[in-house]
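Peer 1: give me a model of this one.
(one chain, ligands or ions: 1)
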Amino acid sequence: MKDKLIIIGASGHGKVVADIAIKMNKWQSIAFLDDDESIKTSMGLEVIGKTADAFTYKDEADFFVAIGSNVTREKIQEKLIEEGLNVVSLIHPSSVIGTDLEIGIGTAIMAGVVVNGSTRIGKGCIINTSSSLDHDNVIDDYVHISPGVRTAGNVRVGKGSWIGIGSVVSNNVNICSDCKLGAGAVVVKDITEPGTYVGVPVRRVDR
Ligand SMILES: CC(C)(COP(=O)(O)OP(=O)(O)OC[C@H]1O[C@@H](n2cnc3c(N)ncnc32)[C@H](O)[C@@H]1OP(=O)(O)O)[C@@H](O)C(=O)NCCC(=O)NCCS
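Peer 2: You can find the predicted model right below:
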């Protein structure tokens, strides 16, 4: 672990991520990189360059990619890993993390989250504010679990899927990769085709 943490992305998601890093109290300094030159500071922390500048800080900093888009986050994080930069996970001290868990690198676990035992969370995931993942879930890489989502036991969420705010996923349900679930969606059966799903219970709306 290095003394400095560099967060890529200084917008709203970056702010929440920076707050976790501050609360973790592990880094002496925290700064942002952002491709929007008009942003000079965020949350009182300095923006010290653009995404491409990350590589010049390779030996002196840990890194976290705070970009909401699952696809963009994956692209940037994978490049950092490929180039040997140290990507870290950020876990808010107010989250409740069960036993026998796996949490991949570059994943953020936000305030008020509960993750129960034997759940596996991949790399580059966002487990957003006050969501709960129950036992034996498998959350694949670059998934976003939005605020207030509830998943029951034995739920699987495929790579790159985005579960909208306040959604509920019933026990033993599989959601395949590249799905988008609307706010307040309720999933009671497997979703086997990538697409956008909304409602109670969900229906597909992108075709
Ligand atoms: C699902 C969502 C992505 C769809 O956005 P979109 O592709 O622009 O789709 P539209 O707004 O054109 O809606 C398509 C249809 O689905 C309905 N719909 C959209 N979102 C819905 C929702 N959450 N619940 C129920 N119905 C919904 C619309 O009313 C519309 O129905 P109609 O065709 O009968 O008129 C968006 O509405 C949504 O729910 N986003 C969640 C935001 C969120 O969770 N943010 C968290 C950030 S951390």
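Peer 1: against the ligand, how distant is the closest residue to Asn128 other than its chain neighbours?
Peer 2: Nearest residue to Asn128, sequence neighbours excluded (Cβ to Cβ, 6 or more residues apart in numbering): Pro147, at 4.6 Å. Any C-beta I mention is one placed from the backbone N, CA and C, and that applies to glycine too. Per Cβ to the nearest ligand atom, to the nearest Å, Pro147 is found 6 Å from the ligand.
Peer 1: next, Pro147: secondary structure please.
Peer 2: Following DSSP: H, G, I helix; E, B strand; the rest coil, Pro147 is assigned to coil.
Peer 1: that one and Gly166 touch, don't they?
Peer 2: Yes: with contact defined as Cβ atoms under 8 Å, Pro147 counts as touching Gly166 (7.4 Å).
Peer 1: could you find the closest non-adjacent residue to the spatially most central residue of the chain?
Peer 2: Of all residues in the chain, the one closest to the mean position by Cα atoms, centre = their mean is Ile126, 1.5 Å from it. Among residues not flanking Ile126 along the chain, His144 sits closest, at 4.4 Å (Cβ to Cβ, 6+ apart).
Peer 1: and the one you found, how far from Ala31?
Peer 2: Using Cβ to Cβ, to the nearest Å, His144 is found at 24 Å from Ala31.
Peer 1: distance-wise, check the residue nearest to the centre of the chain relative to the ligand.
Peer 2: Where the ligand is concerned, Ile126 sits at a distance of 8 Å (Cβ to the nearest ligand atom).
Peer 1: show me the helices in this structure, by range?
Peer 2: 12-24, 70-82 (DSSP state H).
Peer 1: what is the lowest-mean-pLDDT helix or strand in the chain packed up against?
Peer 2: One helix or strand of the chain scores below all others by mean pLDDT, DSSP states H and E: strand 41-42, with a mean of 96. Helices and strands touching strand 41-42, by 3 or more Cβ pairs under 8 Å, 6 or more residues apart in numbering; DSSP states H and E, are helix 12-24.
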